[in-house]
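J.: Let's see this in three dimensions:
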Amino acid sequence: MPIKFGTDGWRDIIADGFTYENVRKVARAHAQYLRSQGGQEVIIGYDTRFQSQNFARVAAHAFASCGLNVQLSDTFIPTPALSFAVWNRGAAGGAMITASHNPPEYNGYKLKGPYGGSATPAIVRAVEEVLESEAASDTQSGQISPLDVRQAYYTHLDTLLDLDTLRSYPGVLYHDAMGGAGAGWLEGYVRHAGLPVEVRSVHGNPSPLFYGVNPEPIPQNLAALMDLLQGEQGLTFGVATDGDADRLGAVTSGGHFFNSHQIFAVLLQHLHAQGGRGRVVKTVSTSQVVERLASILGLEVLETPIGFKYIADAFLEGEDDRDKRVLIGGEESGGLGVAGHIPERDGLLISLLLLEAVAKSGQGPRELFAEIERRVDYQHHYDRVDLLVDRHFDKVGALERAGHWTTVAGHTVKGVNARDGVKLLLEGDAWLLLRASGTEPVLRVYVEAPTAKAQQAILQEAVERVQTSGPEA
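T.: Next up, the predicted model:
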């Protein structure tokens, strides 16, 4: 079975494609690439999935057999903390054993660059070339030693947060770790910083089955958190981190889901108000509220394909060119990164920044976003449907046919954006995006419109047309 890299590394079903032997092959290819670049040390971490620790050990021994010294996490660890360790220790690269938000039967291997972020497309291609060549590995013996980065990571967060403002927060912060690698890390940071914030843990014990849901912080997976918040009032809200804690969703008092687009916009406004300046980087699937707000703030917007590696590229480009400096970058799936940090999405830092924005303004997340909607003169209504397709479904053909649609639910197609998948720009300030997942047998359908009625009608018709897709669909 071929090993295929997607939007963020390689993922496959445990014991089917994701096996010890395949992990060993990928780690050896990664190691040989790093050695070709003069690398001497690599950092390896893992999440709470079934066998993740053992897969990480297999990878560690593969790197050591290629002559690299390995720092192997001594317990499960969030991906952003692993990425920070790579940068903080000056390692040549990193590997994270995780399938992120994928279902429990999956595991995966994320590649991290020496700058502490998702491997760039160029790095991924180079590793793929080594993997395809099936070059023989070396038999040198590197050293494997334990990694503990928690304290250093927390100390770094201190430099990015307004601790005095956080101390003024009067509410409760719920944290749903979804059984994943973020378990205990927000509570640990609050203790480290001496903050009087009460953090209430939900699904805070590691669980390979993620308490019966996919570890993706979207409404259908957050029923428990939404139920808990229904009885809350005021500024109290909850955050949910995915399986490896690099993505974020939120739930406000009253039990209302607060999506990644809304978090992105609130943090953009907050960072700008704090004096932050720079480009705003968004994937093609992200709300137009973000670009409208950026325009009002006088900030340049860069749109990328889906995958944080493209956003990481923009952060790295901005390191050497002040005119291209990035203030904030994010994607629809809940991954956000900010200036001053590593070029990586970080669900833990973003949770704390959202808390900071609420404490600073004295308004809850929903009130802050409603203010932004008024400011940009646009009402945000968004949804996404993931259509499970079998291997016989022609995803390429379905996207090609969608690219020729002239109307959807009575809305005329005004233009087509083919940056990633097929995005139809519709009259009435709405859009529809169809895209094949790079990590699962799924065709994703995204819609944003200024009214709930229009959004639901466009989504329903698009799903029906894809499901009945034929030569004339």
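
J.: What does the pLDDT read for residue 241?
T.: pLDDT, residue 241: 98.

J.: Am I right that it is in contact with residue 177?
T.: Yes: counting by CB atoms under 8 Å, residue 241 does reach residue 177; the two are 5.9 Å apart. To be clear about C-beta, it is placed using only N, CA and C from the backbone, and glycine gets the same treatment.

J.: shared neighbours, these two?
T.: Common contact partners of residue 241 and residue 177 (CB atoms under 8 Å, 6 or more residues apart in numbering): none.

J.: Geometrically speaking, which residue is the centre of this structure?
T.: residue 335 (3.1 Å; CA atoms, centre = their mean).

J.: How is this structure divided into domains?
T.: Taking automatic domain parsing as the criterion, the chain consists of the domains 5-147, 168-258, 260-376, 381-467.

J.: Please produce JSON lines containing those domains, extended by distance to residue 161.
T.: Formatted as JSON lines, the domains of the chain follow (distance: least, CB to CB, whole Å):
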{"stretch": "domain 5-147", "distance to residue 161": "14"}
{"stretch": "domain 168-258", "distance to residue 161": "8"}
{"stretch": "domain 260-376", "distance to residue 161": "6"}
{"stretch": "domain 381-467", "distance to residue 161": "28"}
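
J.: Strands of the stretch 151-300 of the chain, residue ranges please.
T.: 172-176, 198-202, 237-241, 248-252, 256-258, 279-283 (DSSP state E, counting those that start in this stretch).

J.: Tell me which of those sits most buried.
T.: strand 237-241 (a mean of 29; mean count of other CB atoms under 10 Å).

J.: Would you tell me which of the strands of the stretch 151-300 of the chain gets closest to residue 114?
T.: Nearest to residue 114, of all these, is strand 279-283, at 20.6 Å by CB to CB.

J.: what about that closest one, average pLDDT?
T.: 97.

J.: Count the residues that sit near residue 67.
T.: 18 (other CB atoms under 10 Å).

J.: what stretches of this protein score poorly on pLDDT?
T.: 1, 7, 135-138, 438-439, 469-473 (pLDDT under 70).

J.: follow-up on the earlier one: can I get the strands of the stretch 151-300 of the chain in JSON lines with distance to residue 375?
T.: Listed next are the strands of the stretch 151-300 of the chain as JSON lines, based on distance: least, CB to CB, whole Å:
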{"stretch": "strand 172-176", "distance to residue 375": "26"}
{"stretch": "strand 198-202", "distance to residue 375": "31"}
{"stretch": "strand 237-241", "distance to residue 375": "21"}
{"stretch": "strand 248-252", "distance to residue 375": "19"}
{"stretch": "strand 256-258", "distance to residue 375": "18"}
{"stretch": "strand 279-283", "distance to residue 375": "15"}
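
J.: and of those, who's closest to residue 113?
T.: strand 279-283 (16.8 Å).

J.: For the closest one, which outside residues touch it?
T.: 264, 268, 290-291, 294, 299-307, 310-311, 314-315, 318, 324-332, 420.
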